[in-house]
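> What follows is a protein structure lacking sequence information:
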């Protein structure tokens, strides 16, 4: 599979992703799956400005991501797949995205009442999505930068 890393981060494309994670994984394509950004040419343009030379950017709707997950039809390249929240990731996994571990950066949604870590806050619906992902055996690894130690979120989510 051409997907080198799947990352959940509400900021999607930013310095930690473009400089840290794309280099650490050898990714040459950032694939953002997010309906809001896919519907906003201005947001796509802003993200494109943050992408380093030699790395491409594609922005897909969630429906396009689900279709790719179901068929395994991903773009050419070494992909760093970016989603903004666990709800979208759950839909991709339920559509057929096969992975063992997900990298989690900052996840803060409006109305989030559960503080899982300093970086990860969740709404009730997001807690349910994190649990569903963990119940599938997915390792939920919080790690802002490649040089930092990973912290598994699975036990925290089970208790939330």
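That came in fine, so what should we check first? For clarity, every value in this text was computed on a predicted model and none was experimentally measured.

> can we go C-alpha only for contacts and neighbour counts from here?
Fine.

> where does the protein have low pLDDT?
Residue ranges of the chain with pLDDT under 70: 1.

> So which residues make contact with the top helix by length along it?
When the chain is parsed with DSSP state H, its longest helix is helix 124-135. Residues outside helix 124-135 that contact it (C-alpha atoms under 8 Å, 6 or more residues apart in numbering): 85-87, 90, 93, 112-114, 140, 154, 157-158, 160.

> Need these in JSON lines (columns: secondary structure, distance to residue 74 and neighbour count).
Shown next, in JSON lines, are the contacts of helix 124-135 (DSSP: H, G, I helix; E, B strand; the rest coil; distance: C-alpha to C-alpha, whole Å; neighbours: other C-alpha atoms under 10 Å):
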{"residue": "85", "secondary structure": "coil", "distance to residue 74": "20", "neighbour count": "24"}
{"residue": "86", "secondary structure": "helix", "distance to residue 74": "20", "neighbour count": "25"}
{"residue": "87", "secondary structure": "helix", "distance to residue 74": "20", "neighbour count": "18"}
{"residue": "90", "secondary structure": "helix", "distance to residue 74": "18", "neighbour count": "19"}
{"residue": "93", "secondary structure": "helix", "distance to residue 74": "14", "neighbour count": "17"}
{"residue": "112", "secondary structure": "coil", "distance to residue 74": "32", "neighbour count": "16"}
{"residue": "113", "secondary structure": "coil", "distance to residue 74": "35", "neighbour count": "12"}
{"residue": "114", "secondary structure": "strand", "distance to residue 74": "34", "neighbour count": "16"}
{"residue": "140", "secondary structure": "strand", "distance to residue 74": "23", "neighbour count": "23"}
{"residue": "154", "secondary structure": "helix", "distance to residue 74": "28", "neighbour count": "18"}
{"residue": "157", "secondary structure": "helix", "distance to residue 74": "30", "neighbour count": "20"}
{"residue": "158", "secondary structure": "helix", "distance to residue 74": "32", "neighbour count": "14"}
{"residue": "160", "secondary structure": "coil", "distance to residue 74": "34", "neighbour count": "13"}
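
> Output those residues as CSV; include the columns distance to residue 24.
What follows is the contacts of helix 124-135, written out as CSV (distance: C-alpha to C-alpha, whole Å):
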residue, distance to residue 24
85, 22
86, 23
87, 26
90, 25
93, 24
112, 30
113, 32
114, 30
140, 19
154, 24
157, 27
158, 30
160, 31
